[in-house]
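Student: Here is my input, please return the structure:
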Amino acid sequence: MARPMAFRRLMTLQRLIRGLLILFVVLLLAGGWYANVAWEAWKQASSIHNFNWQGVELSLAGVQLERLSVTQMRNGQPYLAEAEALSLGWSWHWWGPMPDVVRVGRLALNIPAWPVADGQEAPSATGPGALSRQLPAWLPDTIRIDQLVLTLPEGIRAEGDLAVSQLSSPDDREIVTNAMTVEAPIPGMTRGGWRLHEGRLSLVFAAKADQQSATLDFGDQSQIELSRVDAPDSAAQLDTLRIDLAGTTLKAGYSLQPMALEKLAFTGPVIATTAAIHQPQLHTQPWRLDGRLDASLKSVRFDGKLSSDAGTNAKLEFSFPFDGTPTMNAEMTTVGASGGRALADTFKAWPKALEIGEGSARTTLELRFPSAGAELQGAMDFDGLGGLFGRTAWAGLAGTVTMDLAGDEVGFGTTDLALDTVNPGVAVNTVQLAGRYRSTTEQVAAGALMLDQASAKLLGGDLRIESGEWQLSQTPLRIPVQLSGIELSQLMQVYPAEGLSGSGILRGTVPLRISGQSVSVESGQIDALAPGGTLKLPAEKLRGMAQGNEAMALVVRAMQNFNFSVLNSTVNYDQDGKLILGLRLEGSSPDVRDGHPIVLNINLEEDIPALMTSLQLSGRVNEAVTEKVRNLMQKRGAERQSTGSDH
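Tutor: Okay, here's the model as predicted:
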């Protein structure tokens, strides 16, 4: 009886086990079918297409995938993610495995359009949708991507490594990249009257960000490029503007709950170059701005150097406090001939006839930009400056000229401007000027000139202009020049003829009449001081005047050795350069009429431009001027020959 009973129990247990196995298989099949249905339903609800993976390897240390790709359709556009060399590592605990690290060799994300929530507002930083509350606890603590390739809307592309750590600890969460490249097109736009044409942004940086701060260090090839920039009112045009940001650092401090930017610092070297600047006052050429930028939420400051391709250099300091008045300081130093050529090749207003050969000039400017309008204070300091202006040599320019701009008024002034010598053929020495000039910005050349001092040395005597005020808008200008102590002996030595000599001291007034580009003299007067002096003119220069004229023969004999007690002359000079002297002499000659008194009235004419040319050609100025005059005369001679004209 026992044996059949045991057998029956064994058979019952077998049937029970068989039934449980059948039930388990049925449950597995049902669960698989349900999981597949749920998976397909989730994919359909999430618009997931083409979810594929290859090369799955499972071990106690984790799972590896050779390749994974998934496509999501949104608004008819595919959002694609492709990953290669994926691995998920986990650690074992008493309750089971927990993911630790996700590694991805390459992850490519293609986002054709910026996602738009369907009528839903973005979650707030403190609400239930906040980032720190969205992450499940079972997510891995670290995600590392060796190569992330992002293709974003509007032509934006990013590529580089990325690591996210401490996902399970929101306060310690950190994002790091050692080398990320971001490239994006820049659309054309207009801001504050400035027209920025299309361009391209290229950034290469290492970055680190956590819950409180972020730091970006920009590397080589980080630059902003614009094809063209147009200034307001077409004041200037910049071609191919490039801003190089290599070596700069961006640091930000912020709060995520609530979201707010608390600190910002953008510092480092900045280089801006342009292929050409087109501006009415400048010669077209490349320019470069090289310096250091310090920017924050409170201000922007730049210290650097601006240079033109011609060699002009200026130091710049720009400060823009957001709650104050922007200012800019500039300093430019010109040294010698190379500095003069650089200025001439940079500024169109530079006179073509002006050449600098020695000395230095330092210009400093301080500009302020209050809401009422720009203000300027500046100074030009000269130290031993010299050179040529056309065929006139000048040397030893020293002193300071100040300038100021406020509203629509501009002014210049000096108290100590001095020039050692200016020599167009007859040297004028120890020139000293003091005065002011004021005008409006609309009519700079029609202001008021106020002279406090204007004096010089000439032929052993003095030139002087009395202090006064002249309105340049009221032409012609009449400026009386006072002569005193002029030595007749030096005047005779200057004249390019041999055998001339004399003695005596001259004084007088020469009223200059200035109109436009022309200078003339009307009714000037020159007299000799008592007791007079002597005049000796060579006989060979005078004999031609006496042929067939007994009165002129008397004059010729007297002028070969004439002692005068009275010498006065009227002075007139026309716009064509003709000087006319109405000379009256009273005196005697021991060789005429036994020394009896003689009164002579003589009209003399002289072509002053021709006289200056003769003096310049004779080397009375310097070798550079002599060479310039010689070349000019050769050129004129060649032009006459080419036209077949003798005149």
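
Student: all strands for the stretch 401-550 of the chain, in order.
Tutor: Under the criterion DSSP state E, counting those that start in this stretch, the stretch 401-550 of the chain contains strands at 409-423, 428-440, 448-458, 461-465, 468-471, 477-487, 501-503, 505-515, 518-528, 533-536.

Student: tell me what the second one is packed against?
Tutor: Which is strand 428-440. With contacts taken as 3 or more C-beta pairs under 8 Å, 6 or more residues apart in numbering; DSSP states H and E, strand 428-440 sits against strand 409-423, strand 448-458. Where you see a C-beta, it was placed from the backbone N, CA and C, and this is true even at glycine.

Student: want to throw the ones you listed into a markdown table with distance to residue 324, mean neighbour count and mean pLDDT?
Tutor: Putting those into a markdown table (distance: least, C-beta to C-beta, whole Å; neighbours: other C-beta atoms under 10 Å; pLDDT from 0 to 100) gives the following:
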| stretch | distance to residue 324 | mean neighbour count | mean pLDDT |
| --- | --- | --- | --- |
| strand 409-423 | 24 | 17 | 92 |
| strand 448-458 | 34 | 17 | 94 |
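
Student: So, low pLDDT: which residues of the chain?
Tutor: The chain contains residues with pLDDT under 70 at 1-47, 93-97, 115-139, 496-497, 539-550, 615-647.

Student: so what are the domain limits for it?
Tutor: As recorded under automatic domain parsing, the domains making up the chain are 48-114+138-168, 186-297, 314-472, 501-643.

Student: and among the strands of the stretch 401-550 of the chain, the most buried is which?
Tutor: The highest average neighbour count among those, using mean count of other C-beta atoms under 10 Å, belongs to strand 533-536 at a mean of 20.

Student: Show me what that one packs onto, helices and strands only.
Tutor: strand 501-503, strand 562-573.

Student: Select, out of the ones you listed, the one closest to residue 413.
Tutor: Ranking the helices and strands packed on strand 533-536 by their distance to residue 413 (criterion: C-beta to C-beta) puts strand 562-573 first, at 30.7 Å.

Student: For the closest one, buried residues please.
Tutor: By 16 or more other C-beta atoms under 10 Å, the buried positions in strand 562-573 come out as 562, 563, 564, 567, 569, 570, 571, 573.

Student: Sheet-wise, list the partners of that strand with their directions.
Tutor: Next to strand 562-573 in the sheet, as set by DSSP bridges, lie strand 518-528 (antiparallel), strand 533-536 (antiparallel), strand 578-588 (antiparallel).

Student: could you dump the lengthiest strand in the chain to PDB, C-alpha only?
Tutor: Selection of the longest strand in the chain by residue count, based on DSSP state E, yields strand 259-278. Output of strand 259-278 as PDB, limited to C-alpha atoms (Å, rounded to 0.1, in the frame of the first residue of the first chain):
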ATOM      1  CA  MET A 259      17.700  81.200 -13.100                       C
ATOM      2  CA  ALA A 260      19.900  84.400 -13.000                       C
ATOM      3  CA  LEU A 261      23.300  85.500 -14.300                       C
ATOM      4  CA  GLU A 262      25.200  86.900 -11.400                       C
ATOM      5  CA  LYS A 263      28.700  87.300 -12.600                       C
ATOM      6  CA  LEU A 264      30.400  87.500 -16.000                       C
ATOM      7  CA  ALA A 265      34.000  88.100 -17.000                       C
ATOM      8  CA  PHE A 266      35.400  87.900 -20.500                       C
ATOM      9  CA  THR A 267      39.100  88.600 -20.600                       C
ATOM     10  CA  GLY A 268      42.200  88.000 -22.700                       C
ATOM     11  CA  PRO A 269      44.000  89.100 -25.900                       C
ATOM     12  CA  VAL A 270      41.800  90.200 -28.800                       C
ATOM     13  CA  ILE A 271      43.100  90.900 -32.400                       C
ATOM     14  CA  ALA A 272      40.800  92.500 -34.900                       C
ATOM     15  CA  THR A 273      41.900  92.900 -38.500                       C
ATOM     16  CA  THR A 274      40.200  94.300 -41.600                       C
ATOM     17  CA  ALA A 275      41.300  93.800 -45.200                       C
ATOM     18  CA  ALA A 276      40.600  97.500 -45.900                       C
ATOM     19  CA  ILE A 277      38.900 100.600 -44.500                       C
ATOM     20  CA  HIS A 278      37.100 102.900 -46.900                       C
END
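
Student: on that earlier part again, redo the strands of the stretch 401-550 of the chain as a markdown table? Include distance to residue 180.
Tutor: As requested, these are exported to a markdown table (distance: least, C-beta to C-beta, whole Å):
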| stretch | distance to residue 180 |
| --- | --- |
| strand 409-423 | 51 |
| strand 428-440 | 55 |
| strand 448-458 | 62 |
| strand 461-465 | 71 |
| strand 468-471 | 66 |
| strand 477-487 | 69 |
| strand 501-503 | 89 |
| strand 505-515 | 68 |
| strand 518-528 | 70 |
| strand 533-536 | 92 |
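
Student: Which one, of these, ends up nearest to residue 270?
Tutor: Proximity to residue 270, assessed across the strands of the stretch 401-550 of the chain by C-beta to C-beta, is greatest for strand 409-423 (31.9 Å).

Student: and the direction of that closest one versus that of strand 428-440, what angle?
Tutor: 170 degrees (axes from the mean of the first three to the mean of the last three C-alpha atoms, to 10 degrees).

Student: Can you spell out which helices and strands pack onto strand 409-423?
Tutor: When contacts are defined as 3+ C-beta pairs under 8 Å, 6+ apart, strand 409-423 packs onto strand 392-406, strand 428-440.

Student: my guess is residue 266 meets residue 299, correct?
Tutor: No: using C-beta atoms under 8 Å as the test, residue 266 is too far from residue 299 to be in contact (11.3 Å).

Student: So for the two, which sits in the more crowded spot?
Tutor: residue 266 (18 against 14; other C-beta atoms under 10 Å).

Student: distance of the residue nearest to the more buried one when sequence neighbours are not counted from residue 196?
Tutor: Nearest residue to residue 266, sequence neighbours excluded (C-beta to C-beta, 6 or more residues apart in numbering): residue 295, at 4.2 Å. Applying C-beta to C-beta, to the nearest Å, the value for residue 295 to residue 196 is 19 Å.

Student: coming back round to it: turn the helices and strands packed on strand 428-440 into JSON lines, columns for distance to residue 351.
Tutor: Output for the helices and strands packed on strand 428-440, formatted as JSON lines (distance: least, C-beta to C-beta, whole Å):
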{"stretch": "strand 409-423", "distance to residue 351": "15"}
{"stretch": "strand 448-458", "distance to residue 351": "19"}
